[in-house]
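Q: need a structure here:
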Amino acid sequence: MNTEQIISILSEVRDPEIPVLSISELGILRSVEMTDNKVSICITPTYSGCPAMETIQEDIHSELAKHGITQVEITQSLSPAWTTEWMTDSGKKKLLEFGIAPPTPHGCSQNGNDHPAYCPHCHSRNLELISRFGSTACKALYRCLDCQEPFDYFKCH
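A: The predicted structure follows:
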């Protein structure tokens, strides 16, 4: 088995907090290396202390074991820090389709005033911040003032 095949297998590992995204789409899978019979994987949490990292590591081991790969070493790297720029475009599209406003250059560049570009439900720009923290620490909770639906916004990092 080669590195590309391992990466393909790992594309099945989902973020447990956002199950529509793989760890590759989220951008936390940083590297995969093979030496002899061992696979070394490096992942970066979206936040230091992210509670999902333990589950993600278990899921990586489980997914690789399904393919007979049991010699696996997983390390976490905090430097460089994860950024939403590492998310794939397809991952951002999946977030939007799931009802989570993805991070956008528009939201990230407003003089540090991070906010979604529009409501993921009706695409209105008439929004209000409900809480700086949503269902997870990496998201904020907003409400659309037009359709009245609350939604999470994946904050820029």
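
Q: which residues sit in contact with the residue nearest to Cys122 when sequence neighbours are not counted?
A: Excluding the flanking residues, the one nearest Cys122 by CB to CB, 6 or more residues apart in numbering is Cys147, at 4.2 Å. Every C-beta, even on glycine, is put in place using the N, C-alpha and C of the backbone. Taking CB atoms under 8 Å, 6 or more residues apart in numbering, we find Cys147 in contact with 119, 121-122, 124.

Q: what's the residue minimising distance to the centre of the chain in contact with, if anything?
A: Compute the mean C-alpha point of the chain, and by CA atoms, centre = their mean the closest residue is Leu26, 3.2 Å away. Leu26 makes contact with 15, 18, 46, 86-87, 91, according to CB under 8 Å, 6+ apart.

Q: roughly how far is the lengthiest helix in the chain from the heart of the chain?
A: Identified as the longest helix of the chain according to DSSP state H is helix 52-65. Relative to the centre of its chain, helix 52-65 is centred 15 Å away, using CA atoms, centre = their mean, to the nearest Å.

Q: ditto for stretch 128-136
A: 17 Å.

Q: and it, which residues are buried?
A: Buried residues in stretch 128-136, counted by 16 or more other CB atoms under 10 Å: 134, 136.

Q: And the contacts of it?
A: With CB under 8 Å, 6+ apart as the test, stretch 128-136 has contacts from 17-18, 115, 139-143, 145, 150, 152-153.
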